[in-house]
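*Asks:* sequence plus predicted model, see below.
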Amino acid sequence: MHLDLLTPTEMALADAAAARLGFATAALMEQAGRAVARAVRARFTPCRTLVLCGPGNNGGDGRVTARLLAETGWPATVAVLGQPGFTIAEAARAELVIDAVFGAGLSRDVAPDIAAVLHAARRLVAIDTPSGVDGATGAVRGDAPQAALTVTFHRLKPGHLLLPGRDLCGETLLTDIGIPDAATPVAATFRNDPRLWTIPSPAASGHKYSRGHATVLGGAAMTGAARLAAVAARRAGAGLVTIAAFEGAAIYRAGEAGTIVDDQPLAGQLADPRRTAWLCGPGLGADAARAALPVLLASGRSVVADADALTICAGAPERLRGATVLTPHAGEFARVFGAPGPDRLAAARGAARLTGAVVILKGADTIIAAPDGRAAINDNAPPWLATAGSGDVLAGIVTGLLAQGMAPWDAACAAVWLHGRAATTAGRGLIAEDLLCSIGMALRGLPSPAPRKSPLE
């Protein structure tokens with residue numbers, strides 16, 4: 001499956017470019033209808049089927065689908081928007097409704113009378129997206145029905161992966177209808193996947209310092225947050241991890257045996273140039289974060305800002321300039337940057353441009369946005385990942401990967417994917433500590449690059 005995601009506008013450009021290259025719109029529509037009909041026949045037995053068709057290409061795809069189903073003896077009829085038959089009663093009578101009304105490029109809210117017809121369906125298959133789901137954002141325009149199956153073409157759209165669109169699509173099937181890659185615009189949005197990035201491979205002659213030294217700032221009150229993050233950074237591959245404990249050092253020294261604890265002032269710790277990646281925020285406390293964050297940002301090191309480091313920048317996102325990666329959940333994002341609104345993808349991109357940092361906007365459909373406009377959508381996280389401490393683990397993974405020399409965009413994307421895979425591996429009943437043991441299992445099976453040479457060679 002292709003990783004690049006096209007907005008409805010970009011998909012329209014691909015359609016137009018394909019036509020200029022000699023791929024007629026009618027022929028592509030025939031292939032689209034054939035793909036839908038094939039998917040319906042593979043999943044359902046012949047039944048009374050109503051194909052609801054709108055005025056555009058989506059409706060054209062629906063008409064082809066109805067014709068091809070009928071040619072195989074399937075009892076399929078067409079009802080066109082604004083004409084007799086496009087009614088609640090007809091939709092309710094059908095055993096299967098195929099939604100070919102609007103598709104992903106809808107530019108206005110679905111009217112209540114149209115939504116009522118779609119909601120009358122007992123089972124629904126959507127062409128492109130359920131009518132009312134914005135293909136660019138996953139948001140609902142007015143109203144949208146729940147589909148059992150959505151069949152789309154050439155490339156997935158952001159709305160297939162972003163909530164609530166992802167859930168409303170049901171099973172999403174991407175099909176090839178013959179649009180050439182040469183007609184496809186260069187994408188700026190991607191599905192997060194190991195093919196998008198590469199985890200560093202240790203050099204055969206390397207040592208712990210060549211694998212990177214990460215530092216996690218630890219607070220005195222919520223010591224568990226920094227401890228979770230520190231172990232996560234180690235599990236992600238960092239050769240050494242230090243907790244910078246300006247208070248509560250005794251608690252940290254009684255923790256995990258492999259974690260170093262340093263209680264000297266921050267300036268002294270920053271004097272070691274080998275400590276290249278720093279995590280500021282988890283369990284740190286507002287006062288300590290307020291004192292440490294500007295110093296870290298001025299140091300030129302890679303800085304991951306999470307939790308309290310974000311809270312102290314409420315309404316003042318400019319204070320985060322110089323950070324490498326930001327990891328806000330929805331509430332933290334709103335406090336710092338303002339409410340993201342229905343277009344979370346655009347909001348995350350805006351925050352990345354404003355701060356110059358890669359932004360991980362956390363959620364069930366986490367968005368990773370880079371300052372250069374690239375964005376990835378992650379869809380491998382199970383719902384049981386929503387548990388206290390899981391964000392600390394994610395921040396630690398990011399920091400551990402940055403310590404190994406990964407570029408910020410790659411490190412953020414890889415960390416989010418590994419976080420989701422680790423949660424899936426751990427299974428239901430997961431608590432944050434379980435993620436730590438599952439990170440190694442999540443790393444197994446990933447493609448490995450050629451081993452790096454040691455910096456000392």
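*Replies:* Good, I have the coordinates. Numbers count the residues shown, from 1 in each chain.
*Asks:* which residues of the stretch 101-250 of the chain fall in helices?
*Replies:* According to DSSP state H, counting those that start in this stretch, the stretch 101-250 of the chain carries its helices in the segments 112-119, 158-161, 165-168, 223-235, 249-253.
*Asks:* tell me the mean pLDDT over the fourth one?
*Replies:* This means helix 223-235. In this model, helix 223-235 has an average pLDDT of 97.
*Asks:* now for it, which elements pack on it?
*Replies:* Helix 223-235 sits against strand 213-218, strand 240-245, helix 249-253, strand 275-280, helix 390-403, helix 432-443, with contacts defined as 3 or more CB pairs under 8 Å, 6 or more residues apart in numbering; DSSP states H and E. All C-beta spots, glycine's among them, are computed from the backbone N, C-alpha and C.
*Asks:* buried ones in the last one?
*Replies:* This means helix 432-443. By 16 or more other CB atoms under 10 Å, the buried positions in helix 432-443 come out as 432, 434-436, 438-439, 442-443.
*Asks:* which outside residues touch that helix?
*Replies:* Residues lying outside helix 432-443 but in contact with it, judged by CB atoms under 8 Å, 6 or more residues apart in numbering, are 199, 228, 231-232, 235-237, 387-390, 392-393, 397, 418-419, 421-423, 425-426.
*Asks:* any of these buried? List them.
*Replies:* Buried members of the contacts of helix 432-443, counted by 16+ other CB under 10 Å: 199, 228, 231-232, 235-237, 387, 389-390, 392-393, 397, 418-419, 421-423, 425-426.
*Asks:* any idea which of the helices of the stretch 101-250 of the chain gets closest to A403?
*Replies:* In this view, the helices of the stretch 101-250 of the chain are compared for proximity to A403 by CB to CB, and helix 223-235 is the closest at 6.9 Å.
*Asks:* and the angle from that closest one to strand 275-280?
*Replies:* Relative orientation of helix 223-235 and strand 275-280, computed by axes from the mean of the first three to the mean of the last three CA atoms, to 10 degrees: 150 degrees.
*Asks:* mean confidence for stretch 148-156?
*Replies:* On average, the pLDDT along stretch 148-156 is 98.
*Asks:* so for it, first residue to last residue, what's the gap.
*Replies:* The separation between the terminal residues of stretch 148-156, taken as CA to CA, to the nearest Å, is 17 Å.
*Asks:* which residues sit against that stretch?
*Replies:* Counting contacts by CB under 8 Å, 6+ apart, the residues touching stretch 148-156 from outside are 1-2, 4-6, 11, 14, 32, 35-36, 39-40, 43, 104, 123-130, 160, 169-177, 179, 184, 187, 191.
*Asks:* let's see which of those residues end up in strands.
*Replies:* Judged by DSSP state E, the contacts of stretch 148-156 include 4-5, 124-127, 171-175, 191 as members of strands.
*Asks:* just flag the most distant two among those residues.
*Replies:* Pairwise across the ones in strands among the contacts of stretch 148-156, and taking CB to CB, the largest span is found between D4 and L124, at 27.8 Å.
*Asks:* so which of those two has more stuff around it?
*Replies:* L124 (25 against 17; other CB atoms under 10 Å).
*Asks:* which pLDDT value belongs to that one?
*Replies:* Among the per-residue scores, L124 shows a pLDDT of 98.
*Asks:* test my guess that it contacts A144.
*Replies:* No. L124 is not in contact with A144 according to CB atoms under 8 Å; the separation is 10.4 Å.
*Asks:* joint contacts of these two?
*Replies:* Between them, L124 and A144 share the neighbouring residues 118, 130, with contact defined by CB under 8 Å, 6+ apart.
*Asks:* residues of the worst-scoring helix or strand of the chain on mean pLDDT that come out buried?
*Replies:* When the helices and strands of the chain are compared on mean pLDDT, DSSP states H and E, helix 249-253 comes out lowest with a mean of 91. For helix 249-253, burial by neighbour count (16+ other CB under 10 Å) applies to 249, 251-252.
*Asks:* do the same with stretch 320-331
*Replies:* Buried-residue list, stretch 320-331, by 16+ other CB under 10 Å: 320, 322-329.
*Asks:* what's near enough to touch A12?
*Replies:* Neighbours of A12 in contact, by CB under 8 Å, 6+ apart: G105.
*Asks:* how much space between it and A307?
*Replies:* Computed as CB to CB, to the nearest Å, the A12 to A307 distance reads 41 Å.
*Asks:* a markdown table please, covering the ones in strands among the contacts of stretch 148-156 and showing distance to L96.
*Replies:* As requested, those are arranged in a markdown table below (distance: CB to CB, whole Å):
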| residue | distance to L96 |
| --- | --- |
| D4 | 32 |
| L5 | 28 |
| L124 | 8 |
| V125 | 7 |
| A126 | 12 |
| I127 | 13 |
| E171 | 14 |
| T172 | 18 |
| L173 | 16 |
| L174 | 21 |
| T175 | 19 |
| R191 | 29 |
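*Asks:* which of those has the most neighbours?
*Replies:* With neighbours taken as other CB under 10 Å, the top of the ones in strands among the contacts of stretch 148-156 is I127, carrying 36 neighbours.
*Asks:* which residues does the nearest residue to that residue once chain neighbours are set aside form a beta bridge with?
*Replies:* For I127, ignoring the flanking residues on the chain, the nearest one in space by CB to CB, 6 or more residues apart in numbering is A100 at 4.6 Å. Assessed by DSSP bridges, A100 has beta-bridge partners C53.
*Asks:* burial of A100, as a residue count?
*Replies:* Neighbourhood size, A100 [other CB under 10 Å]: 32.
*Asks:* for A66, list the residues it contacts.
*Replies:* 49, 51, 53, 76-78, 98.
*Asks:* what's the closest of the residues you listed to A244?
*Replies:* For these, the closest approach to A244 (CB to CB) belongs to I98, at 59.3 Å.
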